[in-house]
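Enquirer: no FASTA, just this:
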């Protein structure tokens, strides 16, 4: 049976961004499922090489039927040791299944902020030589980190940015998947969320400034993290 990676989208007209480009470049078959649009969320089966969960404007705590179905699928995947990759809301969904709280972040974190790699062997394994790097953020909630997981990077505004669980689960609070079209689409679609300016929040002009340089840097981080994650995929 030909295996594929499933990518779950949670917003209207959203594109998976760099993760789709990366999988295609590495000849890894993938299929997009638009959960919010009533597309069937499958039960776990042997066709799934790994599962990727993207972001969304909703909360992992929301009482939505498709969120409950995704949580059930994540639970099945963890039991079967199927690799999981979560971006923002996706990272929160994984954390929720692992028994962690999803709560209001001390401050909103919006825009481009630098991340600091944690001083441990797992962080080194997943991030290589990356130490202080820029990521894109847009969240108002955050997850707690499971005791059995390893924290791999943080920002000054939100310590719990990413962790690795076992050898094949990467949960992130940030958005490493960003491409220039995706950034422009988001800020143009939700300008009302980009009016505050503080140490932790940026406006549209700040986010779009020198965008090509920022995207080039974040793509390097994505290549590093995604390259490590696909090492754990079930045969495809």
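Expert: Good, I have the coordinates. Predicted, not measured: the structure shown is a model, and the values here were computed from it. Residues are numbered from 1 along each chain as shown.

Enquirer: show me what contacts the nearest residue to residue 226 once chain neighbours are set aside?
Expert: Distance criterion CB to CB, 6 or more residues apart in numbering; nearest residue to residue 226, sequence neighbours excluded, is residue 22 at 4.8 Å. Using the backbone N, CA and C atoms, a C-beta is placed for each residue, glycine as well. Taking CB atoms under 8 Å, 6 or more residues apart in numbering, we find residue 22 in contact with 222, 223, 226.

Enquirer: report all helices and strands that the lengthiest helix in the chain contacts.
Expert: If you go by DSSP state H, the chain has its longest helix at helix 211-230. Counting contacts by 3 or more CB pairs under 8 Å, 6 or more residues apart in numbering; DSSP states H and E, helix 211-230 packs against helix 18-25, helix 121-127, strand 132-143, strand 169-172, helix 180-189.

Enquirer: list of residues touching the fourth one?
Expert: When contacts are taken as CB under 8 Å, 6+ apart, the neighbours of strand 169-172 outside the stretch itself are 78, 83-88, 90-92, 94-95, 126, 143, 149, 161-165, 225, 228-229.

Enquirer: now, the residues you listed that are in helices?
Expert: 78, 90, 91, 92, 94, 95, 126, 225, 228, 229.

Enquirer: does the fifth one really touch residue 53, like I thought?
Expert: Yes: in this structure residue 94 lies within contact range of residue 53 using CB atoms under 8 Å: 7.0 Å.

Enquirer: overlap in contacts, those two.
Expert: In contact with both residue 94 and residue 53: 74, 84, 86, using CB under 8 Å, 6+ apart.

Enquirer: all set, thanks.
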